[in-house]
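Enquirer: what's the 3D shape of this:
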Amino acid sequence: MLKDILYVERLKLKRSKMWLIYIIGPLLGVFLAYINFFKNYDLFMNPGDNAWIEAWTQVALFMGPFVLPILVGVYAALICRSEHVGGGWKQLLALPISHSNIFFGKFLTIIKMIVITMLILMILFISFGYLIGMDGNLPVFTLLGYMIRGILACLPLVVLQLIISIRSKTFGIPLAVTIVFTLPAIIVASTPLGQFYPWTQPMLAMSPEDESPIQSYLLFYTLLIVTFSILLFYGLRNFAKRDTI
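Expert: Model (predicted):
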């Protein structure tokens, strides 16, 4: 049943021009990152530093607390938009389908969208790096590790934005929420509260260890798992009680 829900969600997305969002978001993140990196090249680079890693710190800075959280909000709103039109929720919830499967179907679809976004981000980052002649060996597996960590750190934010999008009948409300809470993210990231704040967690996870304000990765990922578990439990329980939205 979950497989069928994922298939339906994929069909609904085909009607929208998702490829534009998939490209524009990562392109913006990489573009800003390289501009800032080369503008302050002497400041970032010390003897023995790998230029690819130092440039990636700027990707984490721009993509992590700004572009990526906003994209999560957009993806969550898009996933729920068709159900908010013409009584779609009422029809969907009347079907003999588990509410938890519906919720998980939408959650996994957003995760898939984030994975696609991050893969495009990585392709653009490496491609632009070679085009402009980046020095040093390309640490492929290290960069992939940062990318995977960034995806995992999005999990609490995905659930939170999905809950908001399910409850909001207009596309603008989830987007407004994510923009409002994204704005202070870079400031919050430099404080101890940053590890608790879903809008800063992707940036912290994507950053190299020597550039990240995370003092304890054990604590960070414990907080990440706890936050995700609490939000998922609340989202599933709340959605299971609904007959209509």
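Enquirer: so which residues of this protein form helices?
Expert: For the chain, applying DSSP state H gives helices covering 2-14, 18-39, 41-44, 51-62, 68-81, 88-94, 99-131, 140-153, 155-167, 172-182, 185-189, 201-206, 217-240.
Enquirer: so which of the ones you listed is the most packed in?
Expert: Counting by mean count of other C-beta atoms under 10 Å, helix 201-206 has the highest mean neighbour count of the helices of the chain, with a mean of 28. Backbone N, C-alpha and C define where each C-beta goes, glycine included.
Enquirer: for that one, packing partners?
Expert: Applying 3 or more C-beta pairs under 8 Å, 6 or more residues apart in numbering; DSSP states H and E, one finds that helix 201-206 contacts helix 51-62, helix 68-81, helix 140-153, helix 155-167, helix 185-189, helix 217-240.
Enquirer: which regions of this protein sit below the pLDDT cut-off?
Expert: Scanning the chain for pLDDT under 70 picks out 1, 86-87, 242-245.
Enquirer: export the helices and strands packed on helix 201-206 as JSON lines, with columns for distance to residue 176.
Expert: What follows is the helices and strands packed on helix 201-206, written out as JSON lines (distance: least, C-beta to C-beta, whole Å):
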{"stretch": "helix 51-62", "distance to residue 176": "21"}
{"stretch": "helix 68-81", "distance to residue 176": "9"}
{"stretch": "helix 140-153", "distance to residue 176": "23"}
{"stretch": "helix 155-167", "distance to residue 176": "10"}
{"stretch": "helix 185-189", "distance to residue 176": "15"}
{"stretch": "helix 217-240", "distance to residue 176": "20"}
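Enquirer: looking at those helices, which is nearest to residue 200?
Expert: Judged by C-beta to C-beta, the one of the helices and strands packed on helix 201-206 that comes nearest to residue 200 is helix 185-189, at 4.2 Å.
Enquirer: on that earlier part again, which stretch among the helices and strands packed on helix 201-206 comes nearest residue 209?
Expert: Proximity to residue 209 (C-beta to C-beta) singles out helix 217-240 among these, at 8.0 Å.
Enquirer: elements contacting that closest one?
Expert: Short answer (3+ C-beta pairs under 8 Å, 6+ apart): helix 217-240 packs on helix 99-131, helix 155-167, helix 201-206.
Enquirer: one more time with 7 Å
Expert: In terms of contacts (3 or more C-beta pairs under 7 Å, 6 or more residues apart in numbering; DSSP states H and E), helix 217-240 is packed against helix 99-131, helix 155-167.
Enquirer: and the angle for the last one with helix 172-182?
Expert: Same thing as helix 155-167. Comparing the axes of helix 155-167 and helix 172-182 via axes from the mean of the first three to the mean of the last three C-alpha atoms, to 10 degrees yields an angle of 150 degrees.
Enquirer: and helix 155-167, C-alpha only, in CSV?
Expert: Taking only C-alpha atoms (Å, rounded to 0.1, in the frame of the first residue of the first chain), the coordinates of helix 155-167 have been written out as CSV:
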residue,chain,number,x,y,z
LEU,A,155,14.5,14.8,8.9
PRO,A,156,13.1,16.8,11.8
LEU,A,157,12.5,19.8,9.6
VAL,A,158,10.7,17.6,7.0
VAL,A,159,8.3,16.2,9.6
LEU,A,160,7.7,19.7,11.1
GLN,A,161,7.0,21.3,7.7
LEU,A,162,4.8,18.4,6.7
ILE,A,163,2.7,18.8,9.8
ILE,A,164,2.4,22.6,9.1
SER,A,165,1.5,21.9,5.4
ILE,A,166,-1.1,19.4,6.3
ARG,A,167,-2.8,21.8,8.6
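Enquirer: give me the angle between it and helix 99-131.
Expert: Counting by the same axes, to 10 degrees, helix 155-167 lies at 120 degrees to helix 99-131.
Enquirer: lovely, talk soon.
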